[in-house]
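Enquirer: Predicted model and sequence follow; I will ask about them next.
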Amino acid sequence: MLDTHLQAVELLRDISHVRNYSASEWAAALTRSGFGVADYRTWRLRMDFPVWTARMSTPEANLRGIRVLQEAASAETKAYFAIEADGSFLLDILWIEAIAELRHG
C-alpha cells in the first residue's frame, strides 16, 4: 500500500519515473552485480511540495491528481509519509556504501 501510493504520486510528478527501489531490492541488485554492502544509512527527508513538483515542471492537472491521491490515502499512508496540509511529505532515503566482492574462478 505504501509503495503503491509513492509510485503513483512519483509518476504523476515525473512521467519518466520508473520506481523507487527498496533497500532489499538495491542490496540484491548490488549482489547480482558482484558487490557487497559494506555500510548503509537510512533517514527521512521532507519533500516540500511546491519545490518537489516545480523541479519537474509538473503540469497543473498532475498536481491536482497528486493532491487527490494524498487526500484519499489511508490513515496509515498519511501517517507514514506525514503528509502535510500543503502536500509536503517525508520520503525515505537510503545511502549505501558498496564494495566489490572478490571473485575466484
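Expert: Yep, it's here.
Enquirer: For the protein, which segments count as helices?
Expert: 2-13, 23-32, 49-54, 60-72, 75-81 (DSSP state H).
Enquirer: Give me the buried stretch members for the first one, please.
Expert: For helix 2-13, a neighbour-count test (16 or more other Cβ atoms under 10 Å) marks His5, Leu6, Val9, Glu10, Leu11, Leu12, Arg13 as buried. Bear in mind the C-beta positions are built from the backbone N, C-alpha and C, glycine included.
Enquirer: pretty sure the third one contacts Ala72?
Expert: No - at 11.4 Å, Val9 does not count as touching Ala72 under the criterion of Cβ atoms under 8 Å.
Enquirer: residues contacting the spatially most central residue of the chain?
Expert: The centre of the chain sits closest to Asn20, judged by Cα atoms, centre = their mean, with a distance of 4.6 Å. Asn20 makes contact with Asp3, Leu6, Gln7, Glu10 under the criterion Cβ atoms under 8 Å, 6 or more residues apart in numbering.
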